[in-house]
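1. Have a look; sequence and predicted model below, questions after that.
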Amino acid sequence: MPSDMLISLQNRCAGRECCSSDVLGKLRRAGVPGEEAVKILQELRSGKWVDDRRYAGCFAREKAMISGWGPVKIRYHLSLKGIAEEDIASALEDVDSQAAFRRMSDVLGQKWDELCRKEGDRLKRRAKMMRFAAGRGYRMDDVWEVLRKTGRETI
């Protein structure tokens with residue numbers, strides 16, 4: 001069974017990035033004993049099938065550019081996966097900051113325009129915007145900068 005599991009995980013990791021905690025969780029759910037699971041994980045790491053630093057980089061780029069997440073939310077989710085802080089920091093540094101800022105500008109601009117159409121009360125609109133931005137993991141300083149640069153109402 002362990003060699004079948006190793007081959008299955010190699011195939012999975014060939015198709016998409018996986019981190020160590022993903023692999024251990026899959027092994028645990030499959031009923032692989034702890035010591036055997038660690039051996040399989042070590043084999044996957046030595047073959048470069050699993051690399052937490054590479055996973056963190058891919059995760060950060062995808063979430064920043066496609067999902068429109070901010071660095072706070074990305075950091076939080078990577079830490080939940082058990083990724084080391086230095087790998088998280090490296091991943092966040094590798095994200096194209098200008099492209100991420102443009103993506104954030106698009107996301108926040110769309111939300112602000114939507115709020116302007118739906119919410120007449122200025123204070124409620126601001127509060128909703130702040131909750132939305134915090135939920136996306138954006139730093140408030142960055143949010144205000146985007147709104148000022150795009151000519152939307154300053155908050």
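-> Structure received. Numbers count the residues shown, from 1 in each chain.
2. Report the distance from stretch 93-111 to the chain centre.
-> Averaging C-alpha positions (Cα atoms, centre = their mean, to the nearest Å) puts stretch 93-111 14 Å from its chain's average.
3. all helices for this protein, in order.
-> For the chain, applying DSSP state H gives helices covering 2-15, 20-29, 34-46, 52-65, 71-80, 85-94, 97-118, 122-136, 140-149.
4. tell me the domain boundaries of the protein?
-> Split into domains by automatic domain parsing, the chain comes to 1-50, 52-95, 97-149.
5. Just say which of those is most tucked in.
-> Highest mean neighbour count among the domains of the chain (mean count of other Cβ atoms under 10 Å): domain 52-95, with a mean of 18. (Each C-beta comes from the backbone N, C-alpha and C, glycine too.)
6. What is the end-to-end distance of that one?
-> Chord length of domain 52-95, first to last residue, is 16 Å (Cα to Cα, to the nearest Å).
7. before we move on, the earlier item: would you turn the helices of the chain into CSV with mean pLDDT?
-> As requested, these are exported to CSV (pLDDT from 0 to 100):
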stretch, mean pLDDT
helix 2-15, 84
helix 20-29, 93
helix 34-46, 92
helix 52-65, 95
helix 71-80, 97
helix 85-94, 96
helix 97-118, 90
helix 122-136, 91
helix 140-149, 84
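8. How about residue 44: what's its closest non-neighbour residue?
-> residue 50 (4.3 Å; Cβ to Cβ, 6 or more residues apart in numbering).
9. got the phi/psi numbers for residue 31?
-> phi 90, psi 20 (degrees, to the nearest 10).
10. Look at it and report its pLDDT.
-> On pLDDT, residue 31 comes in at 91.
11. Could you pull up the contacting residues of it?
-> Applying Cβ atoms under 8 Å, 6 or more residues apart in numbering to residue 31 gives no contacts.
12. any idea how far residue 54 is from it?
-> With distances taken as Cβ to Cβ, to the nearest Å, residue 31 is found 28 Å from residue 54.
13. Over to residue 89?
-> 15 Å.
14. Was I right to think residue 23 contacts residue 42?
-> No. Taking contacts as Cβ atoms under 8 Å, residue 23 lies outside contact range of residue 42: 10.5 Å.
15. Could you tell me which residues make contact with the residue positioned nearest the centre of the chain?
-> Residue closest to the mean C-alpha point of the chain, counted by Cα atoms, centre = their mean, is residue 74 at 3.7 Å. Residues near residue 74 by Cβ under 8 Å, 6+ apart: 59-60, 63-64, 88, 91-92, 137.
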